[in-house]
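Asker: what would the 3D arrangement of this be:
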Amino acid sequence: MRLGLHALGIGDGARPEVIRAVAVAAEAHGFARLWCGEHVVLVDAPVSRYPYADDGRIAVPADADWLDPLLALAFAAAVTSRIELATGVLLLPEHNPVVVAKQAATLDVLSAGRFGLGVGVGWSAEEFAALGVPFAGRGRRTEEYLAAMRALWSGDPASFDGEFTRFDAIRVNPKPLRGGRLPVVVGGNSDTALRRAAGHADGWYGFNVPAAQVRSRVGVLAEECARRGRAVEELTIAVALSDGTPEHLPGLAAAGVTELVVVGAPPPEPAAAAAWVADLARTWVRPDGPAGAADR
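Answerer: Below you'll find the predicted structure:
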C-alpha cells in the first residue's frame with residue numbers, strides 16, 4: 001500500500017521553508033504522494049456544515065494562511081524529483097474550467113508528469129456566494145467541467161457545448177504528458193461522491209473516514225463501478241482516516257485501499273518539520289506493530 005502525506009498549504013505548512021523541508025523529507029522517507037487542499041474563502045461564523053467532522057465545524061481558523069494548492073504544489077515540484085503531487089481537493093465548480101485545464105496541465109509538465117487533479121464539489125455556501133458562483137447545481141457543474149477539461153487536454157483544437165460552459169475550436173496548451181490525459185480523483189465521502197468517482201474519475205479520495213467505515217464505502221464504490229461496467233480495481237482508492245493507527249493497514253489493504261493518506265500539521269521550523277516527517281515515516285512506512293510493513 002502506498003503512503004501519502006496531506007500536510008502542505010495551511011498555517012505553518014504554508015511557509016515556503018516548511019513546504020521545502022516537508023516535501024524533500026517526504027520524498028526521502030518513502031512517501032508516494034503529497035496532497036494539498038483548497039479553500040479560496042473562509043468566514044468567521046459559517047452557517048454551512050463542514051461534512052468531515054462530527055460537530056460540523058472545520059478545524060482551520062478563518063484567519064489562517066491557506067495557499068492556492070496548484071501554486072503550492074508547483075513550489076513542491078521544484079524542490080523534488082520523484083514524489084507525486086495531488087490536489088486534495090480543488091473545488092472545481094468555483095473555477096473556470098478552461099483556466100484550470102491549463103493550470104493543471106502546466107503543473108503536470110513542470111513536474112515531469114507527477115501531478116494528479118483531485119476535485120470536489122465544495123460544501124460552503126458562503127464561499128460560493130463570495131465567488132459569485134451558484135451553490136445549487138455544483139455537482140452537475142463539476143461533472144460537466146471535468147468533461148470539458150478532458151476535451152481540452154485531448155483535443156487541439158477542442159470544442160464543447162454544455163449547460164455551464166461552451167467553447168468552439170480553441171487551443172489550450174500545454175497538454176498533460178500522459179497522452180493527453182491527466183489522472184482525476186474525486187473527493188468526498190457521500191454516496192453521491194462515490195457515484196461521481198465511479199462515473200467520472202480515475203480514483204476516489206475519502207477524507208477523515210472512520211476506519212470502521214472504509215470497507216462499506218469501498219463497497220458502495222465497487223457497486224457504482226459495476227453499474228457502469230467498470231471494475232473497482234481500475235480506480236485508485238486513497239483514504240485519510242479520522243482514527244487511524246498502523247494496525248489498520250492490513251484491513252485497509254484487504255478492503256482495496258491503494259493509498260493511505262496521513263493528515264497532519266507540520267511544526268513551524270524547517271528542521272523540526274523534516275524530523276516530523278521522519279517520525280511519520282517510522283510510524284507508517286515501516287511500522288513495528290502487528291500490521292507489518294507497509295508497501296512502498
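Asker: please make it C-alpha for all contacts and neighbour counts, starting now.
Answerer: OK.
Asker: can you list the buried residues in the helix or strand where V277 lies?
Answerer: Using DSSP states H and E, V277 sits in helix 270-284. For helix 270-284, the neighbour count (16 or more other C-alpha atoms under 10 Å) marks 270, 273-278, 280-281, 284 as buried.
Asker: residue contacts, A77?
Answerer: Contact criterion C-alpha atoms under 8 Å, 6 or more residues apart in numbering gives 85, 110-111 as the residues in contact with A77.
Asker: any quick PyMOL command for the buried ones out of those?
Answerer: Per 16+ other C-alpha under 10 Å, the buried members of the contacts of A77 correspond to this PyMOL selection:
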select buried, resi 85+111
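Asker: and the helices in the stretch 1-150 of the chain?
Answerer: Secondary structure of the stretch 1-150 of the chain, counting by DSSP state H, counting those that start in this stretch: helices at 16-28, 69-78, 97-110, 125-131, 138-154.
Asker: out of these, flag the one nearest T236.
Answerer: Closest to T236 of the helices of the stretch 1-150 of the chain is helix 138-154 (C-alpha to C-alpha; 17.4 Å).
Asker: now do that closest one: which elements does it pack against?
Answerer: In terms of contacts (3 or more C-alpha pairs under 8 Å, 6 or more residues apart in numbering; DSSP states H and E), helix 138-154 is packed against helix 97-110, strand 158-161, helix 191-200.
Asker: what about the last one, distance to the chain center?
Answerer: Distance of helix 191-200 from its chain centroid, counting by C-alpha atoms, centre = their mean, to the nearest Å, is 15 Å.
Asker: got the angle for it vs helix 138-154?
Answerer: Interaxial angle of helix 191-200 relative to helix 138-154 (axes from the mean of the first three to the mean of the last three C-alpha atoms, to 10 degrees): 20 degrees.
Asker: report all helices and strands that whichever helix or strand comes after helix 191-200 contacts.
Answerer: Downstream of helix 191-200, the next assigned helix or strand under DSSP H and E is strand 203-209. In terms of contacts (3+ C-alpha pairs under 8 Å, 6+ apart), strand 203-209 is packed against strand 184-187, helix 191-200, strand 236-241.
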